[in-house]
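> fold the following and give me the result.
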Amino acid sequence: MQIPVQVTFRNMDPSEAVEANVREKTEKLEKYFDRIVSCRVVVESPHRRHHKGKLYHVRIDIGVPGKEIVVNHSGPKNHAHEDVYVAVRDAFNAAARRLEDHARKIRGDVKSHQVPPHGKVARLFPYEGYGFVEMSDGREIYFHRNSVVNDGFDQIEVGHEVRVAVAEGESAEGPQASAVTPIGKHHLIE
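Just a heads-up that it's a prediction; the model follows:
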């Protein structure tokens with residue numbers, strides 16, 4: 001780390017033991033991302049007049065090149081945070097996850113979800129029991145009424161969006177769908 005850790009205590013007396021714990025956990029953050037520029041940690045106790053159920057709050061500001069990563073636990077009350085060491089542990093666990101995510105983004109390891117093959121019903125021949133789906137790439141895929149899941153052939157109409165599983169072998173009509181699933185109002189995005 002280029003700049004030493006800054007530890008601040010609010011509404012409580014400084015504690016060497018807590019500060020040593022914070023510094024130890026800060027050193028471990030570098031294994032998740034080795035280019036940490038700065039780290040500021042604030043350990044806060046509720047006002048001193050509270051005697052029961054005082055929950056410690058820990059805020060961590062981590063400076064990395066071009067960005068500031070902030071961990072600020074202000075979610076639902078966790079009564080385990082009545083122990084300052086548990087509050088520090090949870091905050092640093094969250095900081096480690098954020099640093100791992102940041103490192104993944106920089107490396108380009110961000111997951112991309114592949115959109116399943118889909119299209120719109122282009123032509124439908126209800127009496128003959130088949131139809132054609134125009135795929136998002138422009139091809140037309142033949143499907144039989146038996147390939148529509150949940151016996152939904154009678155419910156689909158021209159223009160409906162569907163997800164398609166294309167069979168390996170082709171029929172006499174060309175590529176054939178082994179399964180056609182109506183998408184409904186959940187649209188796929190490419």
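
> now the helix or strand containing residue 40: mean pLDDT?
Applying DSSP states H and E as the criterion places residue 40 in strand 38-44. Per-residue pLDDT values over strand 38-44 give a mean of 91.

> helix/strand/coil for residue 180?
Secondary structure assignment for residue 180 (DSSP: H, G, I helix; E, B strand; the rest coil): strand.

> sheet partners, orientation included, of the strand holding residue 40?
Using DSSP bridges, the strands paired with strand 38-44 are strand 6-10 (parallel), strand 57-64 (antiparallel).

> put the alpha carbons of that strand into PDB.
Extracted in PDB, the C-alpha atoms of strand 38-44 (Å, rounded to 0.1, in the frame of the first residue of the first chain):
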ATOM      1  CA  SER A  38      -5.000   4.300   0.300                       C
ATOM      2  CA  CYS A  39      -7.300   3.000   3.000                       C
ATOM      3  CA  ARG A  40      -9.300   4.900   5.500                       C
ATOM      4  CA  VAL A  41     -11.300   3.000   8.200                       C
ATOM      5  CA  VAL A  42     -13.800   4.600  10.500                       C
ATOM      6  CA  VAL A  43     -15.100   2.600  13.500                       C
ATOM      7  CA  GLU A  44     -18.100   4.200  15.000                       C
END
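
> buried sites along it?
Residues 39, 40, 41, 42, 43, 44 are the ones in strand 38-44 that count as buried (16 or more other Cβ atoms under 10 Å). For glycine as for every other residue, the C-beta is placed from the backbone atoms N, C-alpha and C.

> could you dump these into JSON lines with distance to residue 86 added?
Below are the buried residues of strand 38-44 laid out as JSON lines (distance: Cβ to Cβ, whole Å):
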{"residue": "39", "distance to residue 86": "20"}
{"residue": "40", "distance to residue 86": "21"}
{"residue": "41", "distance to residue 86": "15"}
{"residue": "42", "distance to residue 86": "17"}
{"residue": "43", "distance to residue 86": "12"}
{"residue": "44", "distance to residue 86": "14"}
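
> which of these sits closest to residue 80?
residue 43 (15.4 Å; Cβ to Cβ).

> who's in contact with that closest one?
7-10, 12, 18, 22, 56-58, 84, 87-88 (Cβ atoms under 8 Å, 6 or more residues apart in numbering).

> what's the answer for residue 144, then?
129, 130, 176.

> from these, which shows the smallest pLDDT?
Minimum confidence in those sits at residue 176, scoring 86.

> among the contacts of residue 144, name the buried ones.
If you count burial by 16+ other Cβ under 10 Å, the buried members of the contacts of residue 144 come out as 130, 176.

> of all the contacts of residue 144, which comes closest to residue 71?
residue 176 (52.5 Å).

> could you find the closest non-adjacent residue to residue 62?
residue 69 (4.4 Å; Cβ to Cβ, 6 or more residues apart in numbering).

> quick check, that neighbour in contact with residue 102.
Yes - assessed by Cβ atoms under 8 Å, residue 69 is found in contact with residue 102 at 6.3 Å.
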